[in-house]
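Participant: next come a sequence and a model predicted from it.
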Amino acid sequence: MRVLVQRVSQARVTVDGEVVGAIGPGVLLLVGVRRGDDQATAEWMARKVAHLRIFEDEAGKMNRSVLEVGGSALVVSQFTLYADVRKGRRPSFIEAAPPEEARPLVELFAETLRSLSLRVETGVFGAHMDVMLVNDGPVTIWLDSAELRRDTAE
């Protein structure tokens, strides 16, 4: 699973001109699911994101999580995070999980965030979405479950 975390002052997603999810300060989470990802991976990644210390404390240091600052999360599925452009000019998405495998894991990711008392909005899985954001900082963090150690504290 890959998650692109963007600290935002606001973000929203629209489908066919209608706002389907919007947040104020918090994180925009672009979520890609790889073939073979499982429930444990989705839950672990959600906990990792919720506890990332990417918000400033009183001293101006990135030392607080989205949970600690009372922020929100906007979860948007994005299979293109698994684009492979090593060969040719057209991206291959062979590593991306098929929709019937990815959808429940993206939903579980969002539900796990909610279970941690985070306010969560979502896009519409599989829809063409327009995502607007104001990146705060800018702060953008790339997480890949294949590259993260799970034995470390969240």
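Facilitator: It's in. Numbering: from 1, shown residues only.

Participant: quick one, what contacts the residue nearest the centre of the chain?
Facilitator: Geometric centre of the chain, nearest residue: residue 29, 2.4 Å, by Cα atoms, centre = their mean. Counting by Cβ atoms under 8 Å, 6 or more residues apart in numbering, residue 29 touches 3-6, 49, 73-76, 109. In short, each C-beta sits where N, CA and C put it, glycine included.

Participant: any idea how far residue 16 is from it?
Facilitator: According to Cβ to Cβ, to the nearest Å, residue 29 stands 22 Å off from residue 16.

Participant: then residue 134?
Facilitator: For residue 134, the distance to residue 16 - Cβ to Cβ - is 23 Å.

Participant: again, but for residue 104
Facilitator: Taken as Cβ to Cβ, the span from residue 104 to residue 16 is 24 Å.

Participant: okay, and which of the contacts of residue 29 map to helices?
Facilitator: If you go by DSSP state H, the contacts of residue 29 have 49, 109 in helices.

Participant: quick one: the strands in the protein, in order.
Facilitator: 2-15, 18-23, 26-32, 55-56, 62-64, 72-77, 119-122, 130-144 (DSSP state E).

Participant: give me the below-cutoff pLDDT ranges for this structure.
Facilitator: Within the chain, the segments meeting pLDDT under 70 span 151-154.

Participant: now residue 119: closest residue in space that isn't a chain neighbour?
Facilitator: What sits nearest to residue 119 in space, not counting adjacent residues and going by Cβ to Cβ, 6 or more residues apart in numbering, is residue 72, at 4.2 Å.

Participant: report how many residues lie close to the one you found.
Facilitator: By the criterion of other Cβ atoms under 10 Å, residue 72 has 21 neighbours.

Participant: quick one: residues contacting it.
Facilitator: Listed by Cβ under 8 Å, 6+ apart, the contact partners of residue 72 are 23-27, 66, 118-121.

Participant: next one: it from residue 42, what distance?
Facilitator: Using Cβ to Cβ, which is the criterion applied here, residue 72 is 19 Å from residue 42.

Participant: try residue 13
Facilitator: Taking Cβ to Cβ, one finds residue 13 at 20 Å from residue 42.

Participant: cool, thanks, talk later.
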